[in-house]
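Trainee: structure for the following, please:
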Amino acid sequence: METVSEVHIVTIDGKDLDILYILSTTIEIRDFPTMFVIGDFEVSFTHKDGLKLKSASPGLGSYTLVVQPTGKNCIEPTYQELNAKAYN
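Mentor: Modelled structure (predicted):
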């Protein structure tokens, strides 16, 4: 399933991603979460593929959440933050 949505990424300690919120109100999967605690996921990030969060849940089974920016103009601190969580 694919959906277009704004996301809100929260950092608590100022170094890494901690929480990701999907702000869309039109997600088509019933009971799909809109808040993700990053520490609960296998995380990877590349400029080409975006931010990938892999996990599993009893209701959904295994799944991958991919966040891809619609533009190519993410500011450098955003890329640094994404890389910090994916590789640390």
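
Trainee: only C-alpha atoms for contact and neighbour calcs from this point on.
Mentor: Noted.

Trainee: residue 49 contacts residue 68, correct?
Mentor: Yes. If you go by CA atoms under 8 Å, residue 49 and residue 68 touch, sitting 6.7 Å apart.

Trainee: the more surrounded of these two?
Mentor: Each of residue 49 and residue 68 has its neighbours counted (other CA atoms under 10 Å); residue 68 has more, 16 against 12.

Trainee: in the protein, which spans are strands?
Mentor: Along the chain, the segments classed as strands by DSSP state E run 7-10, 19-22, 35-37, 42-46, 50-57, 61-67.

Trainee: make a markdown table out of these and add distance to residue 29 and mean pLDDT.
Mentor: Formatted as a markdown table, the strands of the chain follow (distance: least, CA to CA, whole Å; pLDDT from 0 to 100):
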| stretch | distance to residue 29 | mean pLDDT |
| --- | --- | --- |
| strand 7-10 | 17 | 82 |
| strand 19-22 | 13 | 87 |
| strand 35-37 | 14 | 86 |
| strand 42-46 | 22 | 85 |
| strand 50-57 | 14 | 86 |
| strand 61-67 | 12 | 86 |
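
Trainee: can I get those strands in CSV with mean neighbour count and distance to residue 28?
Mentor: Formatted as CSV, these follow (neighbours: other CA atoms under 10 Å; distance: least, CA to CA, whole Å):
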stretch, mean neighbour count, distance to residue 28
strand 7-10, 14, 16
strand 19-22, 16, 13
strand 35-37, 14, 16
strand 42-46, 17, 24
strand 50-57, 15, 17
strand 61-67, 13, 14
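
Trainee: using TSV, please lay out the ones you listed together with distance to residue 1.
Mentor: Below are these laid out as TSV (distance: least, CA to CA, whole Å):
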stretch	distance to residue 1
strand 7-10	17
strand 19-22	14
strand 35-37	17
strand 42-46	19
strand 50-57	15
strand 61-67	10
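
Trainee: got the CA coordinates for stretch 21-29 in PDB?
Mentor: Only the C-alpha atoms of stretch 21-29 are listed here, as PDB (Å, rounded to 0.1, in the frame of the first residue of the first chain):
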ATOM      1  CA  TYR A  21       4.200  10.400  13.200                       C
ATOM      2  CA  ILE A  22       2.200   9.900   9.900                       C
ATOM      3  CA  LEU A  23      -0.100  12.900   9.700                       C
ATOM      4  CA  SER A  24      -2.400  11.500   6.900                       C
ATOM      5  CA  THR A  25      -6.000  10.900   7.800                       C
ATOM      6  CA  THR A  26      -6.600   8.700   4.800                       C
ATOM      7  CA  ILE A  27      -4.600   5.600   5.500                       C
ATOM      8  CA  GLU A  28      -6.500   2.600   4.000                       C
ATOM      9  CA  ILE A  29      -5.300  -0.200   6.200                       C
END
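
Trainee: alright, I will stop here.
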